[in-house]
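Peer 1: got a sequence here, can you model it:
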Amino acid sequence: MSATPATGATLRTGSWMVQTEHSRASFTVGNLGKAVEGTVPVRAGELVVDASGAPRRLTATLDLAGLDTANARRDKDLRRRGLLDLDAHPTMTFVSERIDVDEQGWTAQGTLTARGTSCPLTVRGGLPGQPGDDGSVVVEGTAVLDRRDLGIRAPRLMIGRQVSIRVTARLVG
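Peer 2: Numbering: from 1, shown residues only. Presented below is the predicted three-dimensional model:
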C-alpha cells in the first residue's frame, strides 16, 4: 500500500522525526463521574517510511513526569505506585511495526509500555496534510486504552476504565 493515497501528502523515504516543541499529547478519562482532561509532553518520536513510500515503523515516547490535569493534587496522586508509578517509570512508549494505510487514514498495531508493563494498542489517524514551508507534516493519532491492561486497578467510579488518548505531532524528514 502507498503511504499516501491521493488525498494525503507524499512522505519521502527515510526517518521522519517528531518536533517535540510543536507536538502534544492529551487524554480524557472519567474521574468521580466527570470527564478529566490532561496533557502529557511528547519527548520523542519517529516514523520510518520505506522505499515504496509505505510507513513501516512508528515510535513515540511521552514524558509522564510532565503530566498535567490542571489539578496539582490529582497529578500528585497519579504519580503513586498503584497508579502510574512515575518515580520508577516516568515515560510511556508506543512502538509499531505494522502500519496499514488506506484512503481513510492509517492504523498502527503496536505495543504500549508504561509502569513496567506492556500491552497491545491500536492507534488510528488521518492522512498527513500537505507539507508546511519548512517541509514538515502534521499527523494525528488517537487510541482508547483500557487502564487495566497496564495493571492500573482502581474502582471504576474513581477512575474510568477507558482512557482516550490523542497525539498531534509535527514531523520533519
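Peer 1: show me what R166 is bridged to.
Peer 2: Beta-bridge pairing of R166 under DSSP bridges involves S26, T142.
Peer 1: give me every residue that touches it.
Peer 2: 25-27, 140-142 (CB atoms under 8 Å, 6 or more residues apart in numbering). For every residue, glycine as well, the C-beta is placed using N, CA and C.
Peer 1: name only those of those residues that count as buried.
Peer 2: 25, 27, 140-141 (16 or more other CB atoms under 10 Å).
Peer 1: returning to what we had before: now for the contacts of R166, which pair is the farthest apart?
Peer 2: By the measure CB to CB, F27 and E140 form the most distant pair in the contacts of R166, at 13.9 Å.
Peer 1: which residue ranges of this structure form helices?
Peer 2: Ranges of helices in the chain, per DSSP state H, are 72-79.
Peer 1: closest to R74 out of the contacts of R166?
Peer 2: Among the contacts of R166, F27 lies closest to R74 (CB to CB), at 12.6 Å.
Peer 1: who are the contact partners of that closest one?
Peer 2: 37-40, 163-166.
Peer 1: repeat the analysis, applying 7 Å as the threshold.
Peer 2: 38, 40, 163-165 (CB atoms under 7 Å, 6 or more residues apart in numbering).
Peer 1: next one: D85 from N71, what distance?
Peer 2: For D85, the distance to N71 (CB to CB, to the nearest Å) stands at 19 Å.
Peer 1: dump the contacts of R166 to CSV, plus pLDDT.
Peer 2: Below are these laid out as CSV (pLDDT from 0 to 100):
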residue, pLDDT
A25, 97
S26, 98
F27, 96
E140, 94
G141, 95
T142, 97
